[in-house]
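Novice: Quick one: sequence plus predicted model below, questions after.
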Amino acid sequence: MQNLSRRFSTVPIHKLLPQQLHQHQPQPTRFFIPFSEFQQKRKLLEHKLISDLDGCDNLSQVKEVHAHLLRHGLSQCCYVLTKLVRTLTKLGVPVDAYPRLVFVQVKYPNPFLWTAMIRGYTVQGPISEALNFYTCMRSAGTGPVSFTFSALFKACGDVLDVNLGRQIHAQTILVGGFAADLYVGNTMIDMYVKCGFLDCGRKVFDEMPDRDVVSWTELIVAYTKIGDMGSARELFEGLPVKDMVAWTAMVTGYAQNARPRDALDCFERMQGAGVGTDEITLVGLISACAQLGASKYANWVRDIAEKSGFGPTENVLVGSALIDMYSKCGSLDEAYKVFQGMKERNVFSYSSMILGFAMHGRANAAIELFHEMLTTEIRPNRVTFIGVLTACSHAGMVDQGRQLFATMEKYYNVVPSADHYTCMVDLLGRAGRLEEALELVETMPIAAHGGVWGALLGACHIHGNPDIAQIAANHLFELEPDSIGNHVMLSNIYASAGRWADVSRVRKMMKEKGLKKNPAYSWVETKKGVIHEFCAGETNHPEYAEIKKALDDLLNRLQAHGYQPNLNSAAYDLGIEERKRILMSHSEKLALAYALVAGREIVVRDNMRFHHFSNGKCSCGNFW
């Protein structure tokens, strides 16, 4: 016992085990624990504390765990303290208030504890304090880890500071070893993409020695967002192993860039590759089907959703998308059946259904559903108000539209956007209140985009007001210089007013700009889902003889009731009979006549709405 005592007393104090630091007297033999056994028990305790921190969801629980680790002599254990700081950050505890106090009491913080503090400041701000911690870490001789740089790059992306991001990029090279790190490379790509420097992100990607599916998918999504589907597809085809996220990025990208058929083809390839489908994939696919506007695709994708386990009854995301799709495919009843069958509804479900009613001329139903939504806990958003204002516009409900517009910001905290002003200009303009509509545009607190001025120009075409039309057109020529439609509409307004010199001026302008009108197309879907497409002046349809006969018969019946074609929209330098012939061969007239031949229910769709014809009456009440 004496020998053991002498041997113990010769051990320097800093070499003693944590439990013995406060003691200087020899202890009985039974209190000694072999070092390996002590390490094992310590690691078990550390793992337990980490697990306890994982389960914490409030500050009081974290403090209990912190007290526990202090009682067990772990105040310098960077492994557990790193988790403690990260947990505090996750709970939103200010970094200066608690985590920093924990950190400054650690004599030798390791890179992970430094990084936890850096990450805390990148999450909560200010980012300058995160940079200060990084500088201090380097000054202390502690080298960063990949998580250090990924936290800093994420912060640069969040605040859109590409210059700071480039400085951090330079640090990865100067420190050495991180330029080739996969995780750092991916967050660097994300930073450059968020800051709008896609080319820099691509350069990082091209120089990475190792890449994973995240590296590829980040760039694929970035290219789809700017509409460069060629580059997106090039990257996608080069991806060695394509997972569901990558396939979904392509399907959604095609849909978002108005290439619905490519989206469908891509999805079929995805299925052929045996890759699973989730709700995000389905929403992209449903959006593509909505753009095609054909019921055969609508039923097909609905069946896929059901078989994939994401039916609209249970899945609110898919259900909302299907409502929008059926509405845009002309199947309003199916859209409403989906809405009624949903167990859960959110603002997107209601907004989609309200918009569906609006575009089909069911203004009262749209407004009733809006008021029904207000009785729930669901609050309307910007899309909801676009729906109800569109409904008012389609039915000429000026006073009700004004009241709704006035309540948006006051009662629902929805600040009117340019799209909402478009609805109001359309509402006032179509009701013939052109001066009031112009005043609204000129007093808008935000800049008017092409949609606002386009609504005003369209109203001028309806009511024949060339003076206000010229004001609207002048703005459109600046905002949309390559749009031939605005030039054609202004020319037609002048023609209707008999202002032929102005007609010549506009047409000369079109010629100087090299603007040419693309052929117009209209289509009809038969009962079997076959789509027949018609171009203006087309005579090669297999059933053209029957179509022409039906069209002539319809024209004769209309003329018997006093109908006279409006010749002003045809070229004024042609003869009357030639102008009549051109008007009678418009694509929409050919499609309408074919629908009569094929015995289809007549549902006409333009860019904004559907018109259902039944017993000689239109669903819009002839307002349009």
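Specialist: Received the coordinates, thanks. Numbers count the residues shown, from 1 in each chain.
Novice: what about Trp315, distance to Gly309?
Specialist: Just so we're on the same page, residue 315 is Asn rather than Trp. Using C-beta to C-beta, to the nearest Å, we find Asn315 at a distance of 8 Å from Gly309. In this view, the C-beta of every residue, glycine as well, is placed from N, C-alpha and C.
Novice: ok, and for the lengthiest helix in the chain, which residues are buried?
Specialist: Counting residues, the longest helix found in the chain (DSSP state H) is helix 35-54. Going by neighbour count (16 or more other C-beta atoms under 10 Å), the buried part of helix 35-54 is 42, 45-46, 49-50, 52-53.
Novice: List just the nearest of those to Gly120.
Specialist: Within these, proximity to Gly120 (C-beta to C-beta) peaks at Leu53, which comes in at 14.8 Å.
Novice: And the strand or helix carrying Lys410, what does it pack against?
Specialist: Following DSSP states H and E, the helix or strand that holds Lys410 is helix 398-412. If contacts are counted by 3 or more C-beta pairs under 8 Å, 6 or more residues apart in numbering; DSSP states H and E, helix 398-412 sits against helix 382-395, helix 418-430.
Novice: pLDDT value on Ala495, please?
Specialist: pLDDT, Ala495: 88.
Novice: Can you give the distance of the helix or strand containing it from its chain's centre?
Specialist: Assigned by DSSP H and E, Ala495 falls within helix 484-496. Distance of helix 484-496 from the chain centroid (C-alpha atoms, centre = their mean, to the nearest Å) equals 34 Å.
Novice: what does stretch 467-483 give?
Specialist: 29 Å.
Novice: For the nearest residue to Leu438 once chain neighbours are set aside, grab the count of nearby residues.
Specialist: The spatial neighbour of Leu438 that comes closest, neighbours along the chain excluded (C-beta to C-beta, 6 or more residues apart in numbering), is Ile468 at 5.6 Å. Residue crowding around Ile468 was assessed by other C-beta atoms under 10 Å; the count is 19.
Novice: tell me which element Ile468 falls in.
Specialist: helix 466-479.
Novice: elements contacting that helix?
Specialist: Helix 466-479 packs on helix 434-442, helix 450-463, helix 484-496, going by 3+ C-beta pairs under 8 Å, 6+ apart.
Novice: Okay, buried residues for that helix please.
Specialist: So, applying 16+ other C-beta under 10 Å, buried residues of helix 466-479: 466, 468-473, 475-477, 479.
Novice: Relative to His449, which of those is nearest.
Specialist: Leu479 (6.8 Å).
Novice: what about the closest residue to that closest one other than its chain neighbours, how many neighbours?
Specialist: Nearest non-adjacent residue to Leu479, counting by C-beta to C-beta, 6+ apart: Gly450, 4.6 Å away. Other residues near Gly450 number 17, with proximity taken as other C-beta under 10 Å.
Novice: So, low pLDDT: which residues of the protein?
Specialist: By pLDDT under 70, the low-scoring segments of the chain are 1-38, 519-521, 523, 525-529, 564-585, 596, 598-624.
Novice: List the buried residues in stretch 312-326.
Specialist: Those would be 312, 315-326, for stretch 312-326 by 16+ other C-beta under 10 Å.
Novice: Isn't Cys423 up against Ser393?
Specialist: Yes. Using C-beta atoms under 8 Å, Cys423 makes contact with Ser393 at a distance of 5.8 Å.
Novice: shared neighbours of these two, anything?
Specialist: Both Cys423 and Ser393 are contacted by Gly401, under the criterion C-beta atoms under 8 Å, 6 or more residues apart in numbering.
Novice: any idea how far the helix or strand where Gly157 lies is from the chain center?
Specialist: Element membership of Gly157, judged by DSSP H and E, is helix 146-158. Relative to the centre of its chain, helix 146-158 is centred 24 Å away, using C-alpha atoms, centre = their mean.
Novice: I'd like to know which elements it is packed against.
Specialist: Helix 146-158 packs on helix 111-124, helix 127-139, helix 162-175, helix 182-194, going by 3+ C-beta pairs under 8 Å, 6+ apart.
Novice: how is this protein carved up into domains?
Specialist: Recorded structural domains for the chain (assignment: the TED database) are 416-518, 521-566+576-618.
Novice: Turn the ones you listed into TSV, including distance to Ser139.
Specialist: What follows is the domains of the chain, written out as TSV (distance: least, C-beta to C-beta, whole Å):
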stretch	distance to Ser139
domain 416-518	49
domain 521-566+576-618	63
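Novice: Can you say which of those domains is packed in most?
Specialist: domain 416-518 (a mean of 18; mean count of other C-beta atoms under 10 Å).
Novice: how far does it stretch from start to finish?
Specialist: End-to-end distance for domain 416-518, by C-alpha to C-alpha, to the nearest Å: 35 Å.
Novice: who's in contact with Asn518?
Specialist: Ile484.
Novice: returning to that earlier point: for the residue nearest to Leu479, give its distance to Ser327.
Specialist: Taking C-beta to C-beta, one finds Gly450 at 24 Å from Ser327.
Novice: May I see the helices and strands packed on helix 146-158 organised as JSON lines, with distance to Trp300 and mean neighbour count added?
Specialist: JSON lines is the format used below for the helices and strands packed on helix 146-158 (distance: least, C-beta to C-beta, whole Å; neighbours: other C-beta atoms under 10 Å):
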{"stretch": "helix 111-124", "distance to Trp300": "44", "mean neighbour count": "24"}
{"stretch": "helix 127-139", "distance to Trp300": "49", "mean neighbour count": "16"}
{"stretch": "helix 162-175", "distance to Trp300": "44", "mean neighbour count": "16"}
{"stretch": "helix 182-194", "distance to Trp300": "34", "mean neighbour count": "24"}
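Novice: Ala595: which of those is closest?
Specialist: Closest among the helices and strands packed on helix 146-158, using C-beta to C-beta: helix 182-194, at 47.1 Å.
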